[in-house]
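*Asks:* Any chance you could fold what I've pasted below:
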Amino acid sequence: MVIVQYADYSDPELFALWQQGDEKAFNTIYERHFIRLVNIAYKKTGNAAAAEELAQDVFLSFYRQMPALRADTVPENYLFIALKNRIFNYHRQLLQQLRKEQALWKDTPFQTREVNLQLELKELQTYIKARIQELPPQCRAVFLLSREAQLSNKEVAERLNISVNTVEQHMRKALRILRASLGNDVALLLMLTASSTLQ
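*Replies:* I've put the predicted structure just below:
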């Protein structure tokens with residue numbers, strides 16, 4: 001019994017076997033080139049999910065088109081040309097979407113944009129306040145005196161009758177909890193230092 005070693009075959013040989021009905025030959029072509037296609041697509045798009053989707057789409061098209069392809073088709077050439085075209089279409093679609101969004105934003109009355117931004121900011125401030133209220137009592141007291149009342153660590157310590165070191169520890173703890181709750185969004189972290197967000 002002869003055991004076929006598919007990995008030893010060239011792409012054209014595998015393609016010929018596949019056209020004869022050997023599905024394992026197609027699987028070998030897939031395994032040989034799929035990761036390469038994904039890596040190329042990722043370098044060109046910077047989007048891992050999109051890169052994998054593009055590569056999958058190339059192979060799906062290749063599989064469906066097989067009956068119509070010439071016998072001398074070189075799979076590697078077909079796959080990489082097909083990927084190049086899909087990457088081009090991907091960027092073209094992104095550009096079209098960006099233009100639509102810009103046009104929509106441009107057509108939106110300035111007053112409406114201002115209202116929307118103010119509503120978003122108000123919702124954000126409300127969310128931050130809620131997270132602050134969830135802090136441990138002493139932690140919350142220190143944080144509010146420091147940020148809302150704009151007191152120095154020494155003044156907070158005197159107000160609460162605790163040491164400056166304890167104030168610093170509570171502040172570090174408060175900020176650590178808030179970062180964990182709010183994420184690392186720079187805008188949020190900057191707003192934590194502004195007393196206007198707590199008024």
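
*Asks:* got the domain boundaries for this structure?
*Replies:* 6-105, 109-198 (automatic domain parsing).

*Asks:* Against residue 177, how distant is residue 145?
*Replies:* Separation of residue 145 from residue 177 (Cβ to Cβ, to the nearest Å): 17 Å. C-beta coordinates here come from the backbone N, C-alpha and C atoms, glycine included.

*Asks:* Same check on residue 91?
*Replies:* 42 Å.

*Asks:* In terms of neighbours, single out the busier of those two.
*Replies:* Using other Cβ atoms under 10 Å, the more surrounded residue of residue 91 and residue 177 is residue 177, with 18 against 12.

*Asks:* From what I see, that one and residue 132 are in contact.
*Replies:* No: when contacts are counted by Cβ atoms under 8 Å, residue 177 is not listed as touching residue 132 (9.4 Å).

*Asks:* gap between the one helix or strand residue 176 maps to and the chain center?
*Replies:* Element membership for residue 176, per DSSP states H and E: helix 164-182. On the basis of Cα atoms, centre = their mean, to the nearest Å, helix 164-182 sits 28 Å off its chain's mean C-alpha point.

*Asks:* Same question for stretch 22-36.
*Replies:* Worked out by Cα atoms, centre = their mean, stretch 22-36 lies 29 Å from the chain centre.

*Asks:* Could you do stretch 52-60 as well?
*Replies:* The chain centroid and the centroid of stretch 52-60 are separated by 20 Å under Cα atoms, centre = their mean.

*Asks:* Name the residues that touch it?
*Replies:* Contact partners of stretch 52-60, identified using Cβ atoms under 8 Å, 6 or more residues apart in numbering, comprise 30, 34, 37-38, 41, 45, 79, 82-83, 86-87, 90.

*Asks:* Please flag which of these sit within strands.
*Replies:* Among the contacts of stretch 52-60, none falls in strands (DSSP state E).

*Asks:* ok, of the residues you listed, which come out buried?
*Replies:* 30, 34, 37-38, 41, 45, 79, 82-83, 86-87, 90 (16 or more other Cβ atoms under 10 Å).

*Asks:* would you turn these into JSON lines with pLDDT and distance to residue 128?
*Replies:* As requested, the buried ones among the contacts of stretch 52-60 are arranged in JSON lines below (pLDDT from 0 to 100; distance: Cβ to Cβ, whole Å):
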{"residue": "30", "pLDDT": "93", "distance to residue 128": "49"}
{"residue": "34", "pLDDT": "93", "distance to residue 128": "45"}
{"residue": "37", "pLDDT": "93", "distance to residue 128": "44"}
{"residue": "38", "pLDDT": "93", "distance to residue 128": "40"}
{"residue": "41", "pLDDT": "91", "distance to residue 128": "39"}
{"residue": "45", "pLDDT": "85", "distance to residue 128": "35"}
{"residue": "79", "pLDDT": "94", "distance to residue 128": "50"}
{"residue": "82", "pLDDT": "93", "distance to residue 128": "49"}
{"residue": "83", "pLDDT": "93", "distance to residue 128": "45"}
{"residue": "86", "pLDDT": "91", "distance to residue 128": "43"}
{"residue": "87", "pLDDT": "90", "distance to residue 128": "41"}
{"residue": "90", "pLDDT": "87", "distance to residue 128": "37"}
